[in-house]
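# Sequence below, structure please.
(chains A and B)
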Amino acid sequence: MKQSTPRHFVSEEPFDPYSVEKLSKDQESLYLASQWRLMWWKLKKHRLALISGFILLLFYLVAALAEWFAPYDLHTRTRFIHAPPQAIHLFHEGKFIGPFVYGYNFKLDMNTLKREFSPDKNKIQPIRFFCSGDAYRFWGLVESRFHFVCPSADTLKYDPGIDSLNPTPAYSFISKPQAGELFLLGTDRLGRDLLSRIIYGSRISLTIGLVGIAVSFFLGIVIGGLAGYFGGWVDALVQRLIEVLRSFPEIPLWMALSAVLPVTWSPLLIFLGITIILALLDWTGLARAVRSKLMALREEDYCTAAQLMGAKPGRIIGRHLLPGFMSHLIASASLSIPGMILGETALSFLGLGLRPPITSWGVLLNEAQNINVVALYPWLMLPVVPVIVIILAFNFFGDGLRDAADPYKN
Amino acid sequence: MLRYSTRRLLTMIPTLIAISVIVFVIIQLPPGDYLESHIATMQAQGESIDQKKIEFLREQYGLDQPMWKQYLDWAFGFMQGDLGYSFEYDMPVNDVIGDRMFLTILISVVTIVFTWLIAFPIGIYSATHQYSWGDYGLTFIGFIGLATPNFLLALVMLYFANVYFGTSIGGLMDPRFIDEPMSREKLFSILEHLWIPVIVIGTSGTAAMIRRLRANLLDELGKQYVTTGKAKGLPPGKLLRKYPLRMALNFFVADIGNLLPSIISGAEVTAVVLSLPTTGPLLIASLQSQDMYLAGSFLMFLAILTVLGMLVSDLLLAVLDPRIRLQGSISK
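Next comes the predicted model:
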């Protein structure tokens, strides 16, 4: 019998017992990635959430640099009262001029006493960019006149008869005092530019959500944490409290609380008061989430270990338990920002929230309270557009963030 | 079932007591009371004050008593149907409220029915046709409804209803029917005006409900019994109707508890814009003028309304779901 050689393949290379467990570059980065990095990767795949996040960033940028973006100052009054929005043109009678607007023709309708504005094709007002306009104090600190966009300093007048030798019409600049105007979204009843007011208003409307959520986040974590960690009668008490608060219809309670704020308070105090009122009803959802999570987590071994080593409850909750689901909490908190923004808008609209001179989107919409506005000056309802956009963006972004924060979801 | 119901009813009592305390504290929060500010305005206008009437009111409503006694008086009066005195209107709160509370309830109930009628089919369609164009489109419309402030929608719809259908602006009926006995024309006029607030108030709730129904039904559709049913060869319609839909229905009923506060909130704001003869406009006016008993009664009624709504939803849920009925606790 002939001895057959075993038909096995044997690699010539030196044997490395750990070769199976070796991770590829991708795997390694996945396993070593922090929780936040994993979230970011998942979020990146969520197209809608990403776009929404980008829009949010843009809004907050504009709010932060409101003085630069707004063509006018917040309180600049012009003689154009209830002027309709102007359209941006590039060409005048087939001739390229660059971005410009037509000035207004003003007429008072003697029958209805309505101010009627119509574009005057003879007044060509080129828009200026990176220019000097209304003076302001940047964040109330540095004085400046810089704007990204300003109304034209002088009207470019179309004048066919200026040069009789030249048959082609000519354009000439009439210099001041006829300075141009730029009301891309029209003006309000005091002749103030609506676009500038919306941009300035975004500052209040956008921060109210963030400050409010910070307050309710704090309340939710502390109260929910106490209830979840200690259980027993603390838990029962907190549960009852939450139940009671949730059975109140929100807006009537908000209305009642904001009616309490004294009229004599300064605008800043009113702003803070309203924010806290909005937050007072909002923490319940978060507190419930914290409570139920803590109830489960406090039975874990690592929690017992920490207790045995003598850690105080505050440290156990804050150092060991909360970080485990912090990302999830932040995600669900971001979903309640839109409710607060809408709440502020509704309160201000009813005249119970912020009051002028503080300008928020709700305060702007307060002027659109009358049915006449819908019929005659519909552009005064435009502040609702940023409200809708920001609320949609927060909703989509929050949804994406929550999905990304969920470790069990791919 | 009986045990569960009694227990559920009993837990309502501490909740209502806590609510009444909160309401009382809120209406007491502004410094001073109505009489003081009233005297101040009258003096500023140089008018004489009927000192006797002031004294009478102060005594009658115990404004000079300590806080806890005022609360007890108010709370016991409330239970016996004496809601206190409206200083602004100079008459008992009972007379001021009149049928406003009834109209608020009417609008809320109609809105809930409307919300269900719209949300139910759309939610089912969205869940069964996940990621289709229809799903995306309906979800998007829902989101827009969620994001649009109620009051502005009310204003715009009021205007268009007036322009295109000639509906009179504001109110819940044509002005000529007010104070008239109920007739067929009056009923028709009410219906003609009712749909605007119902749609306006319903939009936000509908959107939220569609989203939740869709998510819940999707969860059920992913479960193994559905696959089993499919493998057995059940027709899709029957499969959906027999199993997952019934599971999702549970939550649908449970959702009244979430829906009702938001509908009442929306109803208050919308009522102001549409000047409906409901509680909304009066509530705001009474809050601004510190007419404490009137404001307190409204807040209390609205809270009771939500608590009752939650009770109904819990009881319905218990009827539907034996797990709750038998264990006697609500799993949320």
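
# State the distance from A:Leu342 to chain B.
According to Cβ to the nearest Cβ, to the nearest Å, A:Leu342 and chain B sit 6 Å apart. (C-beta placed from N, C-alpha, C; glycine too.)

# which residues sit in contact with that residue?
Listed by Cβ atoms under 8 Å, 6 or more residues apart in numbering or on different chains, the contact set of A:Leu342 reads A:387, A:391, B:147, B:149.

# Now list the buried members of the residues you listed.
Buried by 16 or more other Cβ atoms under 10 Å in any protein chain shown: A:387, A:391, B:147, B:149, out of those.

# Closest one to A:Leu38 out of the contacts of A:Leu342, please.
A:Ile391 (28.0 Å; Cβ to Cβ).

# Which other helices and strands does the helix or strand encompassing that closest one contact?
Using DSSP states H and E, A:Ile391 falls within helix A:384-405. Here helix A:384-405 touches helix A:35-45, helix A:47-64, helix A:194-230, helix A:326-334, helix A:337-349, helix A:361-366, helix B:133-147, going by 3 or more Cβ pairs under 8 Å, 6 or more residues apart in numbering or on different chains; DSSP states H and E.

# Now distance to B:Leu316 too, for the contacts of A:Leu342, in JSON lines please.
Output for these, formatted as JSON lines (distance: Cβ to Cβ, whole Å):
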{"residue": "A:Val387", "distance to B:Leu316": "36"}
{"residue": "A:Ile391", "distance to B:Leu316": "32"}
{"residue": "B:Ala147", "distance to B:Leu316": "30"}
{"residue": "B:Pro149", "distance to B:Leu316": "31"}
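
# Using TSV, lay out the residues you listed together with pLDDT and distance to A:Ala404.
Converted to TSV, the contacts of A:Leu342 look like this (pLDDT from 0 to 100; distance: Cβ to Cβ, whole Å):
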residue	pLDDT	distance to A:Ala404
A:Val387	89	26
A:Ile391	87	20
B:Ala147	82	22
B:Pro149	83	29
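
# Pull up the residues of chain A that are close to chain B.
Contact residues (Cβ under 8 Å from any Cβ of the partner chain) of chain A with chain B: A:240-241, A:243-244, A:246-253, A:255-257, A:259-260, A:262, A:338, A:342, A:345-346, A:349-350, A:352, A:365, A:368-369, A:371, A:373-375, A:381, A:384, A:387-388, A:391-392, A:395.

# does any bit of stretch B:131-147 sit next to chain A?
Yes. Under the criterion of Cβ under 8 Å from any Cβ, chain A is reached by stretch B:131-147 at B:143-144, B:146-147.

# Which residues belonging to that stretch are considered buried?
So for stretch B:131-147, counting by 16+ other Cβ under 10 Å, buried means B:135, B:138-139, B:142-143, B:145-147.

# Mind listing residues that contact it?
Stretch B:131-147 has contacts (Cβ under 8 Å, 6+ apart) with A:338, A:342, A:387-388, A:391-392, A:395, B:122, B:125-126, B:129, B:203-204, B:206-208, B:210-211, B:214.

# The same query, at a cut-off of 10 Å, please.
Residues from elsewhere that reach stretch B:131-147 (Cβ atoms under 10 Å, 6 or more residues apart in numbering or on different chains): A:338-339, A:341-342, A:384, A:387-396, B:118-119, B:121-123, B:125-130, B:153, B:199-200, B:202-211, B:214.

# Buried among those? Make that a PyMOL selection.
Restricted to buried positions by 16+ other Cβ under 10 Å, the PyMOL selection for the contacts of stretch B:131-147 reads:
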select buried, (chain A and resi 338+339+341+342+384+387+388+390+391+392+393+394+395+396) or (chain B and resi 118+119+122+123+125+126+127+128+153+199+200+202+203+204+205+206+207+208+209+210+211+214)
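
# Check which strands are paired with the lengthiest strand in chain A and give the direction for each one.
Assignment by DSSP state E gives strand A:95-108 as the longest strand of chain A. The strands beside strand A:95-108 in its sheet (DSSP bridges) come out as strand A:89-92 (antiparallel), strand A:115-126 (antiparallel).

# Can I get these in TSV including mean pLDDT and mean neighbour count?
Output for those, formatted as TSV (pLDDT from 0 to 100; neighbours: other Cβ atoms under 10 Å in any protein chain shown):
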stretch	mean pLDDT	mean neighbour count
strand A:89-92	80	12
strand A:115-126	77	17
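
# would you turn these into a markdown table with distance to B:Pro277?
A markdown table is the format used below for those (distance: least, Cβ to Cβ, whole Å):
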| stretch | distance to B:Pro277 |
| --- | --- |
| strand A:89-92 | 49 |
| strand A:115-126 | 35 |
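
# Helices of the stretch 51-200 of chain B, start to end?
With DSSP state H, counting those that start in this stretch, the ranges of helices along the stretch 51-200 of chain B come out as B:51-60, B:67-79, B:93-97, B:100-128, B:133-147, B:150-160, B:184-221.

# Mind checking those for the one nearest to A:Glu143?
Closest of the helices of the stretch 51-200 of chain B to A:Glu143 is helix B:150-160, at 37.1 Å (criterion: Cβ to Cβ).

# ok, and does the closest one reach over to chain A?
Yes. Where contact is defined by Cβ under 10 Å from any Cβ of the partner chain, part of helix B:150-160 touches chain A, namely B:150-153, B:155-160.

# Write a ChimeraX command that selects only the buried members of those.
With 16+ other Cβ under 10 Å as the burial test, the buried ones among those are selected in ChimeraX as follows:
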select /B:150,151,152,153,155,156,157,158,159
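
# and which of the residues of helix B:150-160 next to chain A is nearest to chain A?
Nearest to chain A out of the residues of helix B:150-160 next to chain A is B:Tyr159 (Cβ to the nearest Cβ; 4.2 Å).

# Check the gap between that closest one and A:Ala305 for me.
66 Å (Cβ to Cβ, to the nearest Å).

# just A:Ile274 next, same as before
45 Å.

# And those two? Which one has more around it.
Legend: neighbour count by other Cβ atoms under 10 Å in any protein chain shown for A:Ile274 and A:Ala305, higher for A:Ile274 (29 against 12).

# Where does pLDDT dip in the stretch 1-150 of chain B?
Within the stretch 1-150 of chain B, the stretches with pLDDT under 70 are B:30-35, B:37-38, B:41-42, B:46-49, B:57, B:60-64.

# How many residues are close by the residue in the stretch 51-200 of chain A that chain B sits nearest to?
Closest to chain B within the stretch 51-200 of chain A is A:Ser52: 11.2 Å, counting by Cβ to the nearest Cβ. Using other Cβ under 10 Å, A:Ser52 has 23 other residues around it.

# just checking, it touches A:His46?
Yes. Judged on Cβ atoms under 10 Å, A:Ser52 makes contact with A:His46 at a distance of 9.2 Å.

# overlap in contacts of these two?
Residues within reach of A:Ser52 and of A:His46 at once, by Cβ under 10 Å, 6+ apart, are A:396-397, A:399-401.

# from the residues you listed, which single one is nearest chain B?
Nearest to chain B among the shared contacts of A:Ser52 and A:His46, counting by Cβ to the nearest Cβ, is A:Phe396 at 8.1 Å.

# so who does the closest one touch?
Contacts of A:Phe396 by Cβ under 10 Å, 6+ apart are A:46-53, A:55-56, B:143.

# Identify the residues contacting the residue nearest to it when sequence neighbours are not counted.
With sequence-adjacent residues excluded and distances taken as Cβ to Cβ, 6 or more residues apart in numbering or on different chains, A:Phe396 is closest to A:Ser52, at 4.0 Å. Contact analysis of A:Ser52 by Cβ under 10 Å, 6+ apart lists A:46, A:389-390, A:392-401.

# Turn those residues into CSV, including distance to A:Asp134 and pLDDT.
Below are the contacts of A:Ser52 laid out as CSV (distance: Cβ to Cβ, whole Å; pLDDT from 0 to 100):
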residue, distance to A:Asp134, pLDDT
A:His46, 41, 80
A:Val389, 26, 90
A:Ile390, 26, 90
A:Leu392, 32, 87
A:Ala393, 30, 88
A:Phe394, 31, 87
A:Asn395, 35, 85
A:Phe396, 36, 85
A:Phe397, 34, 87
A:Gly398, 37, 84
A:Asp399, 40, 81
A:Gly400, 39, 82
A:Leu401, 39, 82
